[in-house]
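# sequence? don't have it. structure:
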């Protein structure tokens, strides 16, 4: 009887224990669902953040604005969920990071925990990828830095990348705090209800509970007609009402959980990227508001349609075939990779879009979610950068040409002549081939200028320059303006005989120009004297360029001393000279 007298305490206590277990299981399931949604949201936010960083970083790198890139990293270093960010250039060195100790170091030494396979993947496709730590401590994001898909702008040889590590536990902590706060309010309400229930049991239900106990004892004793006398307004009805109130609290808690999911859904619906879910047949199952804004369709117009309606006609016919091929073979072209595609709005206007597709399974059915971003401005910027780059290349080529070309004659200038002669001497030594040099001086050119004027003198130099360019046609042969009325010709792979033949063609060609020269003492026309030398490599040590020039200059001096309008050849072995006279 003593134990039965305490049933009014034991029964509510047991009910409270069972309810606590139910609340605990519900809270655990709710926590798991909230964590799963949190991970999905963090993945989406991280991809958006990486897309923005990728665009800004490519622009700053292409423009050489590394200080701006460091300022960009400094501006996001205060993000509460940021663990580490690395921006790595094409050489594999860390340009900037929120950790100063890692800067200007090779990434594979400073950050060995990065996923090399993910890095290779985003560099190959200039894409964005995210992956989470198996222990759910963090989420790593990777983005390629390649300029564009075919890697042909500014950095054609290699790609850099961005590595961003977000603290997943930080987001779990925020979710847990919100759930604990809601659960705390709910538990307080439950306890308050049970306190009230205990008071009611003690004050109002004790007598009725005694009746119930007495009836039960009588029934156990064999009195089968023992019944509990109840009315519509007894304590049992009050208990039922209280239980209903408890259920209302449970429903209210469930509504709070639904509200939390709706808030997450609201965040999902307000992202700037279009998000479309299709089934394995390519039929659209759901779209977010950004899809309606981007493509101009109402949601009801897209649900149930084939997603190919958002693609241009040539691609539209191939879409279903590609999807079927993937389902049969697993061959990926877009899924899990990402690429730039052409999309079409309801009005028929096309635009450049970046498409990322992921696969999932819902209720045993394979589903695909596509994230679409309008990158028209980025494509326009890339095209503008290509145009600027082409203009810079053209300007640099023009500057490079002007830096090595004589402004009057269009021949190589003295600086370019010196560079080429040094290079040809080294090549002659490597290949064991002869190298010849001609020095040409126009006879009595000072008197020509004094008599005819500098304008005619310049025209005369231009005519001789054209003759040299027309005469020197073999690969590697370089005519140059050596200074004033002097010209030089480098003749690779030419022995002494070939050099003399070339010198004679030039000498005869100058005279055949028939440029009048009444002040000349050797001819009625402009004529030229030439010095020729040939270098035959012996051993592995190259001769100094100065020695070859001096030999040719000495031969030129002898040609002048011998009466001009002739050729003199230096002996390449003894550096002596012999003269080849040409009759006037």
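That came in fine, so what should we check first? Since the structure is predicted, the reported quantities are computational estimates derived from the model, not experimental observations. Residues are numbered from 1 along each chain as shown.
# contact partners of the helix or strand where residue 368 lies?
In the assignment (DSSP states H and E), residue 368 maps to strand 365-374. If you take Cβ atoms under 8 Å, 6 or more residues apart in numbering as the criterion, strand 365-374 is touched by 44, 47, 51, 272-280, 285, 291, 294, 307, 327, 335, 343, 351-361. For glycine as for every other residue, the C-beta is placed from the backbone atoms N, C-alpha and C.
# again, 6 Å this time
273-280, 351, 353-360 (Cβ atoms under 6 Å, 6 or more residues apart in numbering).
# So which of the residues you listed are in strands?
When DSSP state E is applied, the contacts of strand 365-374 are split such that 274-279, 351, 353-360 fall in strands.
# So which of the residues you listed is the closest to residue 439?
residue 354 (62.6 Å; Cβ to Cβ).
# give me every residue that touches the closest one.
Applying Cβ under 6 Å, 6+ apart, the residues contacting residue 354 are 340, 373, 375.
# can you check residue 307 too?
278, 282, 284.
# next one: phi and psi at it?
Main-chain torsions, residue 307, degrees, to the nearest 10: phi -60, psi -20.
# Please apply the same query to the one 4 residues further on.
Torsion angles at residue 311 (phi, psi; degrees, to the nearest 10) stand at phi -120, psi 150.
# what about it, neighbour count?
Close neighbours of residue 311, defined as other Cβ atoms under 10 Å, add up to 20.
# Can you give the domain ranges for this protein?
2-22+173-269, 44-168, 274-378, 405-580 (automatic domain parsing).
# out of those, which comes closest to residue 389?
Short answer: domain 44-168, nearest of the domains of the chain by Cβ to Cβ, at 6.0 Å.
# just to revisit the earlier point, following the strand holding residue 368 in sequence, what is the next regular element?
Moving toward the C-terminus from strand 365-374, the next helix or strand (DSSP H and E) is helix 376-404.
# following that following helix, which helix or strand comes up?
helix 414-431.
# tell me the mean pLDDT for the helix or strand following that next one?
Next helix or strand after helix 414-431 toward the C-terminus (DSSP H and E): strand 435-442. Model confidence over strand 435-442, given as mean pLDDT, is 96.
# Stretch 322-342 now?
On average, stretch 322-342 scores 76.
# Pull out the buried residues from it.
Neighbour counts over stretch 322-342 (16 or more other Cβ atoms under 10 Å) mark 322, 323, 326, 334, 335, 337, 338, 340, 341 as buried.
# now swap in stretch 483-496 and tell me
485, 486, 487, 488, 489, 490, 491, 492, 493, 494, 496.
# Quick check: the two most widely separated of those residues?
485 and 493 (28.3 Å).
# quick one: pLDDT of residue 404?
89.
# Residue 228 now?
pLDDT, residue 228: 59.
# Just give me the closest of the contacts of residue 354 to residue 137.
After measuring the contacts of residue 354 against residue 137 - Cβ to Cβ - the closest member comes out as residue 373, at 28.9 Å.
# wait, what's in contact with residue 116?
Counting by Cβ under 6 Å, 6+ apart, there are no residues that residue 116 touches.
# what about residue 113, how many neighbours?
Look at residue 113: counted by other Cβ under 10 Å, it has 9 neighbours.
# now the buried residues of stretch 322-342 as TSV including distance to residue 298 and secondary structure?
Shown next, in TSV, are these (distance: Cβ to Cβ, whole Å; DSSP: H, G, I helix; E, B strand; the rest coil):
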residue	distance to residue 298	secondary structure
322	27	helix
323	25	helix
326	29	helix
334	26	coil
335	27	strand
337	31	coil
338	28	coil
340	27	strand
341	23	strand
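# Name the nearest of these relative to residue 76.
Looking across these and measuring by Cβ to Cβ, the closest to residue 76 is residue 338, at 22.4 Å.
# follow-up on the earlier one: make a markdown table from the domains of the chain and add distance to residue 385 to it.
Shown next, in a markdown table, are the domains of the chain (distance: least, Cβ to Cβ, whole Å):
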| stretch | distance to residue 385 |
| --- | --- |
| domain 2-22+173-269 | 33 |
| domain 44-168 | 6 |
| domain 274-378 | 10 |
| domain 405-580 | 30 |
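# Tell me which of the ones you listed lies nearest to residue 386.
Of all these, domain 44-168 comes closest under Cβ to Cβ, at 5.6 Å.
# got the end-to-end distance for the closest one?
Criterion Cα to Cα, to the nearest Å; first-to-last residue distance in domain 44-168 is 13 Å.
# Just checking the distance from that domain to the centre of its chain.
9 Å (Cα atoms, centre = their mean, to the nearest Å).
# now that domain: mean pLDDT?
Mean predicted lDDT for domain 44-168 stands at 83.
# Likewise for stretch 488-500?
95.
# What lies in contact with it?
For stretch 488-500, contacts defined as Cβ under 6 Å, 6+ apart pick out 417, 421, 424, 433-436, 438-439, 476-480, 482, 532, 534.
# Among the contacts of residue 354, which one lies nearest to residue 38?
residue 373 (22.9 Å).
# Just give me the neighbour total for that closest one.
20.
# where does the stretch 451-584 of the chain have low pLDDT?
Flagging of the stretch 451-584 of the chain using pLDDT under 70 yields the residue ranges 540, 572-584.
# Show me the beta-bridge partners of the residue nearest to the spatial centre of the chain.
Centroid-nearest residue in the chain: residue 145, 2.2 Å away (criterion: Cα atoms, centre = their mean). Per DSSP bridges, the residues bridged to residue 145 are residue 160.
# surely it meets residue 160?
Yes. Using Cβ atoms under 6 Å, residue 145 is in contact with residue 160, at 3.9 Å.
# returning to that earlier point: got a list of what the residue nearest to the centre of the chain touches?
Residue 145 sits next to 57, 58, 159, 160, 161 when contact means Cβ under 6 Å, 6+ apart.
# how far away is it from residue 382?
Distance of residue 145 to residue 382, given as Cβ to Cβ, to the nearest Å: 13 Å.
# Where do the helices of the stretch 1-150 of the chain begin and end?
2-5, 7-62, 66-76, 107-110, 116-125 (DSSP state H, counting those that start in this stretch).
# Now render those helices as CSV, adding distance to residue 554.
Formatted as CSV, the helices of the stretch 1-150 of the chain follow (distance: least, Cβ to Cβ, whole Å):
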stretch, distance to residue 554
helix 2-5, 132
helix 7-62, 54
helix 66-76, 55
helix 107-110, 59
helix 116-125, 60
